[in-house]
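Visitor: 3D, please:
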Amino acid sequence: MIRKRLFLAGVLAVALSATGCGDDGAGGGADANGVSKVRYVYCAETLAASGAPFWIGEKLGYFAEEKISLEMLPVAGGTGACLQLLAAGQADISAPSPDVLVQAAADGRNLDLRYFYEVAPKFLFDATVLPDSPVRSFADLKDATIGLASLGGSFELFAKAGLRAAGVDPASVDFVAVGTEAAAAESLKKGDIDALVINDVRYAALEAAGYQFRYLDKPGVTADLFGAGLLARNAWLTENPEAAAGYARAYTKSVLFAKANPEAAIRIHWEQYPQFAPTGDRAKAMQAALPVLKRRIDVIEDDGSAEKPYGQFTAESWQAYVQFLGVQDKVKDVSAFYTNDVAAKIGAIDAAAVRAKATSWPTS
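Guide: Sure thing, here's the model as predicted:
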């Protein structure tokens, strides 16, 4: 049974201060029955259907097969709050974007955290224009106005990196915050902005609502970025190698299941977390949720081939991230950011059996 808890950012800050950021000892290690408790901290206070593969393995029996008891910890405060919980030993794993970890290393801070499974081989952000826009690439955005989900963070970094790779000085471009809802698409439609930069699931939601976009190719280093990965403390990985591999294996199966039957994955999510399920018309809610989950699966899916085994990182993708953040003069060695040892333990997965289970799963 998955336990459900919500950590609020303010409560978290007080708790960490009171405990001196120490480990509460609640996670890690197996009980008398050989079951390991794994505490997953989700970097948002609402468990969204797009994240279903992280937890639907409980209902599907995949975590039981791995002798894992999963506790989901949704947390307000985004990536920063997730990293705080991990570093304090109050959570075991999470899947944040890697920019904070890389930037910390550039600043000379060792968070003693390591990525052990590549969750999203593709980057989560895209730049788009209207279908009939004269803009064909980043190179055409000189003197343009680009709308961003928010200013001063990863969205702006992505836009500026794309411009530089295309030979455009970012100083020639105006950046404005437009959010991620319909107002962002309306700003593009009305011509208030020339291009838009938001993430994959927000584009999917807007497209489901009828908005149309043309996606610009990612130039230079932005084409080599990955989106996210499973992250844990080095000590936890050392002490719990089987739990880490077991979670990764169950997660991989859940992704395959969700791809084969996304509607079933969403219904399972609603059953597990009724507090996050729609209260109105379920058919309309499913119509809105399906394209969002499908888009996320396009980003996170791994083929498990010999050339690209499930969850394995490449040094090149990490070096691309260092360049993306502009800290290549400060970060020379990327090996401390990740390990492929856990992913290598996943082994062969019977994808056909997972798909058969998915296609036979009731959707109503």
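Visitor: where along the protein do the strands fall?
Guide: Here the chain has its strands, by DSSP state E, at 3-4, 36-42, 68-74, 93-94, 113-120, 125-129, 145-148, 174-177, 195-199, 214-215, 228-233.
Visitor: and the ones you listed as TSV, adding distance to K332, mean neighbour count and mean pLDDT?
Guide: Glycine gets a C-beta too; all of them are placed from N, C-alpha and C. Shown next, in TSV, are the strands of the chain (distance: least, CB to CB, whole Å; neighbours: other CB atoms under 10 Å; pLDDT from 0 to 100):
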stretch	distance to K332	mean neighbour count	mean pLDDT
strand 3-4	42	13	45
strand 36-42	30	23	96
strand 68-74	34	21	96
strand 93-94	26	26	98
strand 113-120	18	24	96
strand 125-129	26	23	97
strand 145-148	30	23	98
strand 174-177	30	14	98
strand 195-199	29	25	97
strand 214-215	34	12	98
strand 228-233	21	24	97
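Visitor: can I get the ones you listed in JSON lines with distance to S50?
Guide: JSON lines is the format used below for the strands of the chain (distance: least, CB to CB, whole Å):
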{"stretch": "strand 3-4", "distance to S50": "18"}
{"stretch": "strand 36-42", "distance to S50": "11"}
{"stretch": "strand 68-74", "distance to S50": "14"}
{"stretch": "strand 93-94", "distance to S50": "16"}
{"stretch": "strand 113-120", "distance to S50": "11"}
{"stretch": "strand 125-129", "distance to S50": "15"}
{"stretch": "strand 145-148", "distance to S50": "20"}
{"stretch": "strand 174-177", "distance to S50": "22"}
{"stretch": "strand 195-199", "distance to S50": "10"}
{"stretch": "strand 214-215", "distance to S50": "19"}
{"stretch": "strand 228-233", "distance to S50": "12"}
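Visitor: Of all those, which one is nearest T314?
Guide: Among the strands of the chain, strand 113-120 comes nearest to T314, with 8.6 Å by CB to CB.
Visitor: name the helices or strands packed onto that closest one?
Guide: helix 78-87, strand 228-233, helix 234-239, helix 241-260, helix 282-300, helix 341-344 (3 or more CB pairs under 8 Å, 6 or more residues apart in numbering; DSSP states H and E).
Visitor: Looking at the ones you listed, which is nearest to G152?
Guide: Among those, helix 78-87 comes nearest to G152, with 13.4 Å by CB to CB.
Visitor: What's the mean pLDDT across the closest one?
Guide: Here helix 78-87 scores 90 as its mean pLDDT.
Visitor: How far off centre is it?
Guide: Between the centre of helix 78-87 and the centre of its chain there are 14 Å (CA atoms, centre = their mean, to the nearest Å).
Visitor: Any regions of the stretch 251-364 of the chain where pLDDT drops low?
Guide: Within the stretch 251-364 of the chain, the stretches with pLDDT under 70 are 303, 364.
Visitor: Tell me how the protein divides into domains.
Guide: Residue ranges for the domains of the chain, per automatic domain parsing: 3-122+226-360, 125-224.
Visitor: tell me how far the last one is from the chain's mean position?
Guide: Computed by CA atoms, centre = their mean, the chain-centroid distance of domain 125-224 equals 20 Å.
Visitor: Stretch 50-68 now?
Guide: On CA atoms, centre = their mean, the centre of stretch 50-68 falls 17 Å from that of its chain.
Visitor: and of the helices and strands packed on strand 113-120, who's closest to V354?
Guide: Closest among the helices and strands packed on strand 113-120, once you apply CB to CB, is helix 241-260, at 4.4 Å.
Visitor: Measure how that closest one sits relative to strand 113-120, angle-wise.
Guide: Angle of helix 241-260 versus strand 113-120, following axes from the mean of the first three to the mean of the last three CA atoms, to 10 degrees, is 20 degrees.
Visitor: quick one: buried residues of helix 241-260?
Guide: For helix 241-260, the neighbour count (16 or more other CB atoms under 10 Å) marks 243-260 as buried.
Visitor: same question, stretch 289-306
Guide: 289-293, 295-297, 299-302, 304.
Visitor: Would you format the helices and strands packed on strand 113-120 as a markdown table with distance to E71 included?
Guide: Shown next, in a markdown table, are these (distance: least, CB to CB, whole Å):
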| stretch | distance to E71 |
| --- | --- |
| helix 78-87 | 12 |
| strand 228-233 | 14 |
| helix 234-239 | 14 |
| helix 241-260 | 12 |
| helix 282-300 | 22 |
| helix 341-344 | 20 |
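Visitor: Nearest to E66 among the ones you listed would be which one?
Guide: Closest to E66 of these is helix 241-260 (CB to CB; 3.1 Å).
Visitor: show me the contacts for the nearest residue to I193 once chain neighbours are set aside.
Guide: Counting by CB to CB, 6 or more residues apart in numbering, I193 lies nearest to G147, which is 3.8 Å off, once chain neighbours are set aside. Taking CB atoms under 8 Å, 6 or more residues apart in numbering, we find G147 in contact with V176, A177, V178, A184, S187, L188, D192, I193, A195, L196, V197.
Visitor: which residue sits closest to V35 in space, ignoring its chain neighbours?
Guide: Nearest non-adjacent residue to V35, counting by CB to CB, 6+ apart: K67, 4.9 Å away.
Visitor: Which pLDDT does the model give that neighbour?
Guide: Looking at K67, its pLDDT stands at 97.
Visitor: and the gap between it and E242?
Guide: From K67 across to E242, the span is 8 Å (CB to CB, to the nearest Å).
Visitor: Which neighbours do those two have in common?
Guide: S36.
Visitor: Redo the contacts of G147 as a markdown table? Include distance to G77.
Guide: As requested, those are arranged in a markdown table below (distance: CB to CB, whole Å):
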| residue | distance to G77 |
| --- | --- |
| V176 | 25 |
| A177 | 19 |
| V178 | 23 |
| A184 | 23 |
| S187 | 27 |
| L188 | 29 |
| D192 | 30 |
| I193 | 28 |
| A195 | 29 |
| L196 | 26 |
| V197 | 23 |
